[in-house]
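A.B. asks: here is the input, now give the coordinates:
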Amino acid sequence: MKKFRVILLMIAAVLFVLPASFAQKNADDILGVWMNEDQDAHIEITKRDNEYFGKLIWLKNPTDEETGKPKLDKHNPDESLRSRATWGLEILTNFVFDGDNRWEDGKIYDPKKGKTYSCYMKFDDEKTIKIRGFIGVTLLGRTTYWTHVE
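C.D. replies: I've put the predicted structure just below:
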């Protein structure tokens with residue numbers, strides 16, 4: 001009877017660990033084009049050295065309705081940057097892979113509000129990444145989900 005329990009425990013342990021090993025991500029799995037949750041922008045995530053960055057490569061509405069000109073980074077707290085175009089803007093910077101499905105220590109810039117937040121990213125499922133922007137601690141923040149663009 002004791003051997004039977006040991007065998008059952010071993011099987012349970014293998015079944016518990018097995019899915020986690022399949023779920024582990026490689027650092028470059030985050031690379032590619034992602035659509036934001038509002039479905040009004042595509043962000044291309046690329047790698048430079050060992051860090052990950054993302055820039056806006058498509059906007060549903062790239063022009064300002066009032067002026068008819070390309071949207072500008074008009075909410076940026078740095079007045080000298082308010083005249084740069086939103087399209088092409090780097091909004092994800094300096095992310096590093098932690099070795100276990102999480103890219104952290106990065107920053108995310110929200111051009112709709114002109115704010116920059118500490119941030120981490122991780123896969124929610126095979127086609128979705130969870131992005132958590134926060135101030136100080138992760139409890140003080142907002143989560144959004146981006147989907148992979150085929």
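A.B. asks: alpha carbons only for contacts and neighbour counts from here, please
C.D. replies: OK.
A.B. asks: any idea how many residues pack against Leu48?
C.D. replies: Let me fix one detail, which is that residue 48 is Arg and not Leu. Arg48 is flanked by 8 other residues according to other CA atoms under 10 Å.
A.B. asks: how about the contacts made by it?
C.D. replies: Applying CA atoms under 8 Å, 6 or more residues apart in numbering to Arg48 gives no contacts.
A.B. asks: any idea what it is bridged to?
C.D. replies: In this structure, Arg48 has the following beta-bridge partners (DSSP bridges): Glu51.
A.B. asks: look up how far Glu65 lies from it.
C.D. replies: Computed as CA to CA, to the nearest Å, the Arg48 to Glu65 distance reads 35 Å.
A.B. asks: again with Ser80
C.D. replies: From Ser80 across to Glu65, the span is 22 Å (CA to CA).
A.B. asks: hey, where'd the helices end up in this structure?
C.D. replies: Remark: helices assigned in the chain by DSSP state H are 2-23.
A.B. asks: looking at it, which helix or strand is least sure?
C.D. replies: In the chain, no helix or strand scores lower on mean pLDDT, DSSP states H and E than helix 2-23, which sits at a mean of 47.
A.B. asks: list the buried residues of stretch 34-43.
C.D. replies: When neighbours are counted by 16 or more other CA atoms under 10 Å, the buried residues of stretch 34-43 are found to be Trp34, Met35, Asn36, Ala41, His42, Ile43.
A.B. asks: pLDDT of stretch 48-63, averaged?
C.D. replies: Throughout stretch 48-63, pLDDT has a mean value of 97.
A.B. asks: with stretch 136-150 instead?
C.D. replies: For stretch 136-150, the per-residue pLDDT values average out at 92.
A.B. asks: contacts for that stretch?
C.D. replies: Counting by CA under 8 Å, 6+ apart, the neighbours of stretch 136-150 from elsewhere in the structure are 32-37, 118, 127-135.
A.B. asks: distance from the chain centre to that stretch, please.
C.D. replies: Stretch 136-150 has its C-alpha centroid displaced from the chain centroid by 6 Å (CA atoms, centre = their mean, to the nearest Å).
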